[in-house]
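Trainee: after the sequence you'll find the predicted model.
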Amino acid sequence: MVDVAAKDETHRVARATGSIFMQAETLKLIATGTAKKGDVLGIARIAAIQGAKRTSDLIPLCHPIALTRVAADFEIDLENQAVHCLITAECTGRTGVEMEALTAASVGLLTIYDMCKAVDRGMRIEGVRLLEKRGGKSGHWQAE
């Protein structure tokens with residue numbers, strides 16, 4: 001692991017996103033809350049938060065971070081037959097929360113896939129990426 005002991009503790013924020021595309025019938029099950037496994041987006045939200053909290057267990061050499069906030073928002077996009085995920089992760093620490101935000105987005109979208117795969121194995125997860133990071137020596141970065 002990289003030595004971060006000499007770094008100052010600062011408020012750090014990262015936002016990540018991703019989408020899962022599916023058949024219209026699958027999206028309808030999610031939107032109406034009638035999927036066999038239950039409340040897909042509610043469970044995906046909890047899974048995303050858990051994913052953020054467990055990032056250092058999953059990614060080798062990733063520092064464990066005391067997260068102060070993780071928000072997981074999902075948007076149903078009927079026009080494009082997709083669910084879009086937006087994660088915001090925050091901490092006060094010596095290293096950033098980008099990996100936590102990216103892991104949360106991935107785990108949230110994978111949970112949607114898992115809960116709906118019996119009716120739609122062709123779902124596609126796309127566009128998992130960092131949107132923004134703030135804090136630390138490198139300051140503010142935002143995707144174009």
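Mentor: That came through, no problem. Numbers count the residues shown, from 1 in each chain.
Trainee: what's the average pLDDT for the longest helix along the chain?
Mentor: The single longest helix within the chain, with elements called by DSSP state H, is helix 98-116. For helix 98-116, mean pLDDT is 98.
Trainee: residue nearest the centroid of the protein?
Mentor: Nearest residue to the geometric centre of the chain (C-alpha atoms, centre = their mean): Ala105, 1.7 Å.
Trainee: mind jotting down where the strands sit in this structure?
Mentor: 10-21, 67-77, 82-93, 124-134, 141-142 (DSSP state E).
Trainee: just the angle between the third one and strand 10-21, please?
Mentor: Just to be clear, that refers to strand 82-93. Calculated by axes from the mean of the first three to the mean of the last three C-alpha atoms, to 10 degrees, strand 82-93 forms an angle of 170 degrees with strand 10-21.
Trainee: just list what strand 82-93 packs against, helices and strands only.
Mentor: On a contact count with 3 or more C-beta pairs under 8 Å, 6 or more residues apart in numbering; DSSP states H and E, strand 82-93 meets strand 10-21, helix 24-32, helix 40-53, strand 67-77, helix 98-116. Bear in mind the C-beta positions are built from the backbone N, C-alpha and C, glycine included.
Trainee: which of these sits most buried?
Mentor: Burial of the helices and strands packed on strand 82-93 is given as mean neighbour count (mean count of other C-beta atoms under 10 Å); helix 98-116 ranks first at a mean of 24.
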